[in-house]
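Peer 1: fold the following and give me the result.
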Amino acid sequence: MNQSRPVCATYRRHANTDLPALEPTKVLDQLRERIRYLHYSIRTEEAYVYWVRFFTRWAGVRHPREMGADEVRAFLTYLATERDIAVSTHRMALSAILSLYQKVLCVDLP
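Peer 2: As a prediction, the model looks like this:
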């Protein structure tokens, strides 16, 4: 495994389990790898990748590591006000973005 990439110390639901380092270099590939490692369903993987891709394109194709809580908040506000999405869809987008930051980038958002 490549030790230069950050390894999340612990995953909140599995407090005793360390997450391994990620091999791919692209963020979406890292997200896919982490989701498969955690045994999420293929539909969840597809939805999470969709929302993370939407988020990065909405932000002007910026790397998620360059963005923070303000951009996430603005994106979720955009979805609720301008796109007028359902609450369950809004929660899915939030879960996808939080998974990206917590499980792939190892960043805790407030």
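Peer 1: quick check: what element follows the longest helix that the chain contains along the chain?
Peer 2: Longest helix in the chain by number of residues, with DSSP state H as the criterion: helix 42-58. Where DSSP states H and E defines the elements, the next helix or strand beyond helix 42-58 is helix 69-81.
Peer 1: next SSE after that following helix?
Peer 2: Next along from helix 69-81, by DSSP H and E: helix 87-99.
Peer 1: what's that following helix packed up against?
Peer 2: If contacts are counted by 3 or more CB pairs under 8 Å, 6 or more residues apart in numbering; DSSP states H and E, helix 87-99 sits against helix 27-37, helix 42-58, helix 69-81. For glycine as for every other residue, the C-beta is placed from the backbone atoms N, C-alpha and C.
Peer 1: can you give the distance from the second one to the centre of its chain?
Peer 2: In this case it means helix 42-58. In terms of CA atoms, centre = their mean, to the nearest Å, the gap separating the centre of helix 42-58 from the centre of its chain is 8 Å.
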